[in-house]
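1. What follows is a protein structure lacking sequence information:
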C-alpha cells in the first residue's frame, strides 16, 4: 500500500457535503467526494463514468491553514431578462491550505499521481470557480494514511506561519474511520454517481483524532515570570 499526498491551496475553496437549494455551504475541510472528483478529472473520467475503484481508497485531511469563511451571493435572470431566479448564497473558504492524503494499492496510487501531474481536465478545489494555487501533488510514499498525515512538513504559507506566536501549532485532522466501530461524524460524502442526472452519495464516518503538533519556525519562546502570580509593585 502507498499514499498520495496533495497540497490543496488557493484563493477560494468550497467543499460542500449538505448544500441544498439556494444555500451552498462548505465544510471546514475538503470532502472525500470533492477530492475523488478532482482525481477523476485528472484521469480524464467523464461524470457519467463509474468511480467504484476510487471510493475504496482511504482518505484523510490535515488543516494546515484554516482560512476564513466567506459568503457570496449570486443573482441570475433569464436570457430575455423577464424572469429573475431566486437569490442564492454561496460559502467559500478563503486563503486555506490543506494536506489531503489518499491510501491504496501501489499501482493505483502511482497512476493517480501521474494523472495529477499531467491532468486531462482542469482541476479545481470543490467548485469550478476555485482554482488551485501552485503544485498539487507532494508525491507518493510507502507509508500509512495516519503516518503521512503526521509526518509531512507544515504546508501553511509563510505569512500565516509568522502570524502564529507559539513555538508549536496544533493541526486538526479529519480522516476515514480505519477500525470497525470507530466513532465519528456521519456525513453523506461517498460518491455513487457524479452525473448531473443521477448525482448521488452515500455515508461515511469522519473521525477527528488527536491534533498533530508541528514546530513553528517563526514562533517565540513565551516568557514566564514565576513571581507574576504573586503580584507586587
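-> Perfect, I can see it now. This is a predicted model, so every value here is computed, not measured.
2. The closest residue to residue 209 other than its chain neighbours: how many residues sit nearby?
-> Leaving out its chain neighbours, the residue that sits closest to residue 209 by C-beta to C-beta, 6 or more residues apart in numbering is residue 173, at 5.5 Å. Backbone N, C-alpha and C define where each C-beta goes, glycine included. Applying other C-beta atoms under 10 Å, we find 21 residues neighbouring residue 173.
3. contacting residues for residue 173?
-> With contact taken as C-beta atoms under 8 Å, 6 or more residues apart in numbering, residue 173 is in contact with 60-63, 149-150, 208-212.
4. what two of the residues you listed are the furthest from one another?
-> 61 and 210 (15.0 Å; C-beta to C-beta).
5. higher neighbour count, those two?
-> Neighbour comparison, residue 61 and residue 210: the larger count goes to residue 61, with 25 against 9 (by other C-beta under 10 Å).
6. Which elements pack onto the lowest-mean-pLDDT helix or strand in the chain?
-> Within the chain, confidence by mean pLDDT, DSSP states H and E is lowest for strand 23-24 among all helices and strands, at a mean of 80. If you count contacts as 3 or more C-beta pairs under 8 Å, 6 or more residues apart in numbering; DSSP states H and E, strand 23-24 packs onto strand 88-104.
7. After the strand it packs on, which helix or strand is next? Please name it.
-> helix 106-117 (DSSP states H and E).
8. Who are the contact partners of the closest residue to residue 67 other than its chain neighbours?
-> Distances taken as C-beta to C-beta, 6+ apart place residue 96 nearest to residue 67, at 2.8 Å, with adjacent residues excluded. Residue 96 sits next to 8-9, 13, 63, 65-67 when contact means C-beta under 8 Å, 6+ apart.
9. tell me which residues form a beta bridge with residue 96?
-> Listed beta-bridge partners, residue 96: residue 10 (assigned using DSSP bridges).
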